[in-house]
Every structure is written in C-alpha cells, then in structure tokens.
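> let's see this in three dimensions:
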Amino acid sequence: MKREIIIDTETTGLDRKVDRFVEIGCVEIIDLKVTGTTYHKYINPTHPVHREAFKVHGLSNEFLKTKPTFRRTVNSFLTFIEGATLVAHNASFDIGMLNAELDRLNLPPLENEVVDSLALAREQRPGSRHTLDSLCRAFKIDISKRTKHGALLDAELLTEVYIELRGGRQFGMTLDLFAEQKDETLVPARQRPVPLPSRVTDEDRAAHKAFVETMGDKSIWLDYCAN
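Prediction:
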C-alpha cells in the first residue's frame with residue numbers, strides 16, 4: 001500500500017528567507033486512488049502579503065490576521081503527512097518553504113520521500129507546456145472553478161493530473177475488473193467436451209462464394225474465402 005499526499009501551498013511571496021505560508025492544501029491518495037481525506041489550513045503569516053502574491057491567490061492581510069499561525073498548525077500538519085510520499089508541482093519551492101518554516105521553529109527538515117510532478121510531466125510530455133492549467137487542459141480536467149490559485153483546489157487538480165501521469169485511471173479499471181472476476185457469486189462458463197458441428201453446409205459455402213465473385217476482384221471478402 002503506497003500512501004501519497006498531494007500538496008500545494010500559497011505564500012506571501014517567493015523568498016523563503018522572509019516570506020511565509022498563507023495556505024496549505026493536501027489530498028491523500030493510496031495506491032493512486034483518492035481516499036477523500038484532505039488537510040486544509042489558512043495561516044496567519046505574521047508578515048505582509050506582497051501585492052503580486054495577492055493578485056495570485058487573493059488572500060488579504062485582513063483575512064489572514066484572524067487565522068492560526070504556522071506554529072499552531074504545524075503538529076497537525078506533520079501528523080497528517082507522516083510516513084507519506086509528498087507530491088508537489090515544482091516541489092523544490094513548496095518543500096523548500098516548508099523546511100524554512102520548520103527551521104524557524106527549530107524543528108528538523110522533512111524526511112518524506114518527495115515526487116516533483118513538474119519533473120514527471122516534463123519527462124512524459126516533452127515539448128509541451130507543463131503548468132498546472134496546461135496539464136489540466138491536456139487531460140481534459142475541468143478548471144472552470146479556478147479563477148484564482150487556492151492551495152486545496154490546486155492540490156485537488158494536481159491529484160487528477162498526477163494520477164493521469166501515473167496511468168492510474170487505467171490501473172484502477174484493471175483492478176476493478178479483477179475484483180469482479182473474483183466475485184464468488186460468478187460461476188465460470190462450462191466448456192463442451194466436444195464442440196458442436198458446424199451448421200454451414202457445402203451448398204451454403206458454394207452459394208456464398210458465388211455471391212462474392214459478383215462483387216469484383218477488389219472485394220475484401222476474397223481475403224476470407226478459401227480458394
């Protein structure tokens with residue numbers, strides 16, 4: 001059983017030395033199947049949101065000042081991701097920011113295995129665009145609700161993209177088929193010890209051959225008729 005956590009974050013800016021988290025969103029999958037378990041927190045960054053960052057996620061200083069700090073949420077977050085592989089799009093940014101936040105609290109860096117879905121997309125789809133929006137369009141995933149970036153929404157979209165990149169939908173269908181075949185209520189078909197004789201007579205074969213000959217030399221039926 002492989003447990004993976006698809007994670008996305010929103011921040012006050014792009015500099016891990018000074019910027020902070022404002023939102024964390026996570027989606028749990030096990031063996032490439034969504035379990036329905038998520039983790040989502042808005043976070044008071046105790047640091048102003050840069051104007052450009054606000055344009056991206058729309059989370060204002062006024063909204064965030066009433067939310068808990070990362071110090072107050074870190075234990076629940078670490079418990080949620082414990083033992084799981086983390087999957088993030090451009091993982092070096094999200095994981096780098098996480099480790100910077102942990103360091104400020106004198107906590108050790110994450111030891112989770114990390115998968116970068118951006119690197120995976122570049123490997124599997126060379127020559128294509130690899131933004132989350134572009135990958136959603138390529139895989140026909142609905143992004144109509146994504147008017148702005150949001151950590152949980154983006155994690156949910158990335159989950160669908162990641163499962164597609166891993167071939168998970170086909171994998172799941174195969175498992176379902178095997179599960180059906182193992183249903184004890186299904187009775188295997190009985191095989192006849194001696195096959196039934198053909199009901200097609202020599203007269204039938206001659207009549208069919210004569211009909212095919214009326215269709216000309218290019219008839220595809222000639223490929224199936226004995227000479």
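> give me the domain ranges for the chain.
Annotated domains of the chain cover 3-174, 198-227 [automatic domain parsing].
> return the most buried member of the ones you listed.
Among the domains of the chain, domain 3-174 has the highest mean neighbour count (mean count of other Cβ atoms under 10 Å), at a mean of 17. C-betas here are computed from N, CA, C, even on glycine.
> so where is the chain shaky, pLDDT-wise?
Applying pLDDT under 70 to the chain picks out residues 147, 168-200, 204-205, 207-208, 210-227.
> could you find the closest non-adjacent residue to E113?
Leaving out its chain neighbours, the residue that sits closest to E113 by Cβ to Cβ, 6 or more residues apart in numbering is T85, at 4.4 Å.
> which parts of the chain are strands?
Remark: strands assigned in the chain by DSSP state E are 3-11, 21-30, 33-42, 85-88, 114-116.
> so what strands line up beside the second one?
This means strand 21-30. Its sheet considered, strand 21-30 pairs with strand 3-11 (antiparallel), strand 33-42 (antiparallel) by DSSP bridges.
> hmm, who's touching the last one?
So the one you mean is strand 33-42. 5, 22-29, 59, 63-64, 67-68, 73, 76-77, 80-81, 151-152, 155-156, 159, 163, 168, 172 (Cβ atoms under 8 Å, 6 or more residues apart in numbering).
> so what touches stretch 157-171?
The contact list for stretch 157-171 (Cβ under 8 Å, 6+ apart) reads 6, 8, 27, 29, 32-34, 87-89, 117, 120-121, 124, 132, 135-136, 139, 141, 143, 146.
> could you rerun that using 6 Å?
Contact with stretch 157-171 is made by 6, 27, 32, 87, 89, 117, 120, 124, 135-136, 139, 141, as judged by Cβ atoms under 6 Å, 6 or more residues apart in numbering.
> repeat for stretch 103-119
For stretch 103-119, contacts defined as Cβ under 6 Å, 6+ apart pick out 71, 85-87, 89-91, 95, 99, 130, 162.
> just stretch 64-77 next, same as before
21-22, 41-44, 101, 105.
> distance to D202 added to those residues, as a markdown table?
What follows is those, written out as a markdown table (distance: Cβ to Cβ, whole Å):
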| residue | distance to D202 |
| --- | --- |
| F21 | 82 |
| V22 | 83 |
| K41 | 80 |
| Y42 | 82 |
| I43 | 84 |
| N44 | 89 |
| E101 | 85 |
| L105 | 89 |
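> how about those residues, which pair is most distant?
Y42 and L105 (18.4 Å; Cβ to Cβ).
> which of the contacts of stretch 157-171 fall in helices?
If you go by DSSP state H, these have 117, 120, 124, 135-136 in helices.
> next up, the contacts around the residue located most distally from the centre of the chain.
Going by Cα atoms, centre = their mean, the residue of the chain most distant from its centre is E203, 59.3 Å out. For E203, the contact set (Cβ under 6 Å, 6+ apart) is empty.
> reformat the ones in helices among the contacts of stretch 157-171 as TSV; add distance to H50.
Below are the ones in helices among the contacts of stretch 157-171 laid out as TSV (distance: Cβ to Cβ, whole Å):
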residue	distance to H50
S117	25
L120	29
Q124	33
L135	26
C136	26
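> out of those, which one sits closest to F54?
Among the ones in helices among the contacts of stretch 157-171, and counting by Cβ to Cβ, the member closest to F54 is C136, at 23.4 Å.
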